[in-house]
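**Q** got a predicted structure plus its sequence, pasted below:
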Amino acid sequence: MPLVDHNQLPSFDYLRQNGQTVLSETAARQQDIREQHIGLLNMMPDAALTATERQFFRLIGESNSIAQFYIHPFTLPAIKRSSQARNHIDRYYETFGQVQEQGLDALIITGANVVGSELASQSFWQPLIQVADWAYDNVTSTLCSCLATHAVLEFRYGQKRVPQPKKIWGVYPHRVVMPGHPLVVDINSRFDVPHSRWNAIDAKQFRNSGLHVLVESEVGVHLATSPDGLRFVFFQGHQEYDTVSLLKEYKRDLQLYAKGLLDSYPPFPDNYLYPREQAILSEYGQLLLDSMGSENEPPEFPESIIAPRIDNTWHDTAESVLGNWVGLVYQLTHADRLKPFMDGVEPGDPLGINS
């Protein structure tokens with residue numbers, strides 16, 4: 001069902017232009033369809049702020065549900081922003097106070113840019129705990145992405161992420177290891193997920209905390225939940241990524257290296273680029289390095305040549321998982337429709353997965 005443009009956020013225009021159904025608030029009010037209010041705590045750095053909006057909005061709008069989706073973006077004032085990003089936030093985002101006053105059916109918490117190794121020393125640490133604690137008591141389900149997963153695992157379950165010897169970066173095959181869970185019903189038992197991180201929380205840490213591991217791979221856990229099965233949902237990977245997200249990250253890292261801001265030449269993301277595209281990027285990298293020591297203009301990044309030859313092997317499954325999540329939130333939020341589903345289920349185990 002459609003997204004509702006209730007705040008004139010520019011991301012809605014982008015989604016319309018790319019085929020997404022987005023209703024005006026006036027049109028939405030004329031339909032007799034239940035509303036579902038989903039918060040997006042967007043902690044991503046400025047360069048990725050609007051792309052992250054679009055990625056999660058699109059997945060929600062593509063989900064198979066019987067509701068109109070009102071998305072409520074907000075962020076944490078403790079995160080430093082450029083004046084341009086701050087203007088965007090001031091104009092289109094809500095405050096956490098406004099979100100608390102209105103209430104939410106569900107919440108998504110994104111990753112964030114981290115300086116240093118200790119999460120507890122980040123400026124967003126205490127405000128994030130405040131949001132997560134409020135959501136635990138007041139929101140049907142909270143979906144945490146990547147860094148947000150690591151943060152919640154540390155302050156709620158005492159599990160600290162572990163630095164990895166090299167960046168986990170690429171597209172990796174995953175396997176469903178708890179097929180009976182409603183979040184993974186009717187999805188492929190094997191599917192791909194992009195990852196981009198230097199740290200990890202392994203399967204043993206998840207399970208030692210009483211959490212349910214649903215999906216994992218050679219690079220670790222992707223999808224897990226809190227003991228009740230839904231109150232918190234944890235992603236370590238990035239199923240929301242666009243086809244070109246890793247390509248843009250590679251471009252950023254290569255340019256940082258050329259400017260001396262990255263210690264080593266960035267490797268290609270695993271399982272993402274074909275040999276022809278790797279060769280084109282290697283040539284571009286050499287031209288970029290040559291231009292940095294001369295008066296020549298830096299070469300144009302060859303995204304238009306490479307992007308059409310990148311395969312997206314994760315988006316369909318991401319739609320299914322988000323669709324299952326949205327559907328479960330809808331059922332549990334409107335409990336009058338859930339009585340047959342709840343028969344025989346123990347308190348604190350609304351999905352019956354511990355029975």
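**A** Everything's here; your move. Numbers count the residues shown, from 1 in each chain.
**Q** any idea which element the nearest residue to Tyr265 once chain neighbours are set aside lies in?
**A** Nearest residue to Tyr265, sequence neighbours excluded (CB to CB, 6 or more residues apart in numbering): Tyr257, at 5.7 Å. To be clear about C-beta, it is placed using only N, CA and C from the backbone, and glycine gets the same treatment. Assessed by DSSP states H and E, Tyr257 sits inside helix 245-258.
**Q** check contacts around Leu254.
**A** By CB atoms under 8 Å, 6 or more residues apart in numbering, Leu254 lies in contact with Tyr265, Pro266, Leu281, Tyr284, Gly285, Leu288.
**Q** for the third one, pull up the helix or strand it's in.
**A** Under the criterion of DSSP H and E, Leu281 resides in helix 275-292.
**Q** SS state for Val171?
**A** strand (DSSP: H, G, I helix; E, B strand; the rest coil).
**Q** list the contacts for it?
**A** Asp192, Val193, Pro194, His195, Leu246, Pro269, Asp270, Asn271, Tyr272, Thr313, Trp314.
**Q** go through the contacts of Leu254 and say which is closest to Arg207.
**A** Nearest to Arg207 out of the contacts of Leu254 is Pro266 (CB to CB; 33.2 Å).
**Q** not counting residues beside it along the chain, what's closest to the closest one?
**A** Distance criterion CB to CB, 6+ apart; nearest residue to Pro266, sequence neighbours excluded, is Asp253 at 3.9 Å.
**Q** go on, Arg252?
**A** Spatial nearest neighbour of Arg252, chain neighbours left out: Ala47 (7.8 Å); criterion: CB to CB, 6+ apart.
**Q** and what of Tyr241?
**A** What sits nearest to Tyr241 in space, not counting adjacent residues and going by CB to CB, 6+ apart, is Pro194, at 4.6 Å.
**Q** got the angle for the host helix or strand of that neighbour vs helix 245-258?
**A** Assigned by DSSP H and E, Pro194 belongs to strand 190-200. Angle, strand 190-200 to helix 245-258, by axes from the mean of the first three to the mean of the last three CA atoms, to 10 degrees: 30 degrees.
**Q** outside of strand 190-200, which residues touch it?
**A** 146-147, 150, 161-164, 167-176, 215, 217, 219-220, 222, 236-239, 241, 245-246, 249, 269, 271-272, 313-314, 317.
**Q** give me the contact list for the helix or strand that that strand is followed by.
**A** Of the helices and strands lying after strand 190-200 in sequence (DSSP H and E), the nearest is helix 203-208. Helix 203-208 has contacts (CB under 8 Å, 6+ apart) with Leu153, Gln159, Val213, Glu216, Gly220, Val221, Ala224, Phe234.
**Q** the last one reaches Cys144, doesn't it?
**A** Yes - using CB atoms under 8 Å, Phe234 is in contact with Cys144, at 5.2 Å.
**Q** who touches both of the two?
**A** The contact sets of Phe234 and Cys144 overlap at Val152 (CB under 8 Å, 6+ apart).
**Q** quick one, what contacts Glu297?
**A** So Glu297 contacts Ser291 (CB under 8 Å, 6+ apart).
**Q** name the nearest residue to Leu40, ignoring sequence neighbours.
**A** The shortest distance from Leu40 to any non-neighbouring residue, by CB to CB, 6+ apart, is to Pro73 (4.6 Å).
**Q** could I have the helix or strand containing that neighbour exported to CSV, CA atoms only?
**A** Element membership for Pro73 (DSSP H and E) is strand 68-74. Taking Å, rounded to 0.1, in the frame of the first residue of the first chain, the C-alpha atoms of strand 68-74 are listed here in CSV:
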residue,chain,number,x,y,z
GLN,A,68,-1.2,3.6,4.5
PHE,A,69,2.3,4.4,5.7
TYR,A,70,3.2,7.6,7.4
ILE,A,71,7.0,7.8,7.9
HIS,A,72,8.3,10.1,10.6
PRO,A,73,12.0,11.0,10.1
PHE,A,74,13.9,12.4,13.1
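**Q** other residues contacting whichever helix or strand comes after that strand?
**A** Remark: after strand 68-74, the chain's next helix or strand is helix 83-92, criterion DSSP H and E. By CB under 8 Å, 6+ apart, the surrounding residues in contact with helix 83-92 are Asn7, Gln8, Leu9, Pro10, Asp46, Leu49, Thr50, Pro73, Thr75, Arg81.
**Q** average pLDDT across helix 83-92?
**A** Mean per-residue pLDDT for helix 83-92: 97.
**Q** what count of nearby residues applies to the residue nearest to Arg252?
**A** For Ala47, the count of nearby residues is 12 (other CB atoms under 10 Å).
**Q** kindly report the same for Gln126.
**A** Neighbours around Gln126, by other CB under 10 Å: 12.
**Q** where's it, which helix or strand?
**A** Counting by DSSP H and E, the element that carries Gln126 is helix 125-138.
**Q** I'd guessed the residue nearest to Tyr265 sits against Pro267; true?
**A** No - using CB under 8 Å, Tyr257 is not in contact with Pro267; the gap is 11.0 Å.
**Q** so which of the two has more stuff around it?
**A** Tyr257 (18 against 12).
**Q** now do the contacts for the more buried one.
**A** With CB under 8 Å, 6+ apart, Tyr257 has these contacts: Ser264, Tyr265, Pro266.
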